[in-house]
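# This is the structure alone, sequence omitted:
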């Protein structure tokens, strides 16, 4: 079945530690996205990538980094500079430009907590 | 003013009732409109996708877009307990793959 796989489902971070969240898709989508979801705040865009080896900052990129070396994969690193990392992280993908307006398809998220 | 406004609820209805959800927006360039359903501890799943104004029906779900009022709606007929979830509206403009999301509206269908 085609879809988006996020791992792990739960992740715990110690103070001063970097952690990496995995996102893999087999939908052959060009564009991929990372969102953070906090209670009462909706989805906030962290980073997005419209093509391999290229990515852009979203609205809340500080304290996060990404890479896009393969079309299928878009890992997100939460660095120690992110002072409030506890949240539900969602990865999404879409078909890419094609005139815009493409719906995004989501994985089932990774819940990150601070130890 | 936030680009997309959505009343977070929660909205509680008895089983079998019609659920009515809506979002307002400020960007007149938006042409693509989506509704997502999100169950607890899961990712959002695409429920409805419409382009420009008009209505779209899919089973018990109807999406309406009124571009003149910058207002979109989702109706769920004959609501079931399995419809209990958070519903998010999303929209985008041509040439732009970024989606603007509402904050989500929690719906509880009581058996």
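Happy to help now that I have it. It should be emphasised that the depicted structure is a prediction, and the values quoted were computed from it without experimental measurement.
# My read is that residue A:111 contacts residue A:11, right?
Yes. Residue A:111 lies in contact with residue A:11 (C-beta atoms under 8 Å); the separation is 7.2 Å. Every residue, glycine included, has its C-beta placed from N, CA and C.
# name the helices or strands packed onto the longest strand along chain A?
Once chain A is assigned using DSSP state E, the strand that runs over the most residues is strand A:42-51. For strand A:42-51, the elements it packs on are strand A:31-38, strand A:54-57, strand A:64-66, judged by 3 or more C-beta pairs under 8 Å, 6 or more residues apart in numbering or on different chains; DSSP states H and E.
# Kindly provide the whole-number mean pLDDT of the shortest one.
Across strand A:64-66, the average pLDDT comes to 97.
# so what strands line up beside it?
Strand A:64-66 pairs in its sheet with strand A:76-78 (antiparallel), by DSSP bridges.
# Tell me the buried residues in the partner strand?
A:76, A:78 (16 or more other C-beta atoms under 10 Å in any protein chain shown).
# Identify all contacting residues around the helix or strand following that strand.
Sequence-wise, the next helix or strand downstream of strand A:76-78 (DSSP states H and E) is strand A:87-94. Strand A:87-94 is contacted from outside by A:4, A:6, A:21, A:23, A:25, A:27, A:29-38, A:43, A:46, A:74, A:76, A:78, A:102-107, A:109-112, B:43-44, B:97, using C-beta atoms under 8 Å, 6 or more residues apart in numbering or on different chains.
# partners of the very next helix or strand once past strand A:87-94, with directions?
Once the chain leaves strand A:87-94, the next helix or strand it forms, by DSSP H and E, is strand A:105-106. Sheet partners assigned to strand A:105-106 using DSSP bridges are listed as strand A:87-94 (antiparallel).
# could you check whether stretch B:75-95 is close to chain A?
Yes. Contact of stretch B:75-95 with chain A (C-beta under 8 Å from any C-beta of the partner chain) involves B:88, B:90, B:92-95.
# could you dump these to a markdown table with secondary structure and pLDDT?
Listed next are the residues of stretch B:75-95 next to chain A as a markdown table, based on DSSP: H, G, I helix; E, B strand; the rest coil; pLDDT from 0 to 100:
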| residue | secondary structure | pLDDT |
| --- | --- | --- |
| B:88 | strand | 97 |
| B:90 | strand | 96 |
| B:92 | strand | 93 |
| B:93 | coil | 91 |
| B:94 | coil | 88 |
| B:95 | coil | 83 |
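# of those, closest to residue B:60?
residue B:88 (18.2 Å; C-beta to C-beta).
# and the closest one, bridged to which residues?
Under the criterion used here (DSSP bridges), residue B:88 is bridged to residue B:36.
# ok, it - contacts?
A:42-43, B:6, B:35-38, B:44, B:101-105.
# For the spatially most central residue of chain A, which non-adjacent residue is spatially closest?
In chain A, the centroid-proximal residue (C-alpha atoms, centre = their mean) is residue A:34; its distance is 2.6 Å. Closest residue to residue A:34 apart from its sequence neighbours, by C-beta to C-beta, 6 or more residues apart in numbering or on different chains: residue A:46 at 4.3 Å.
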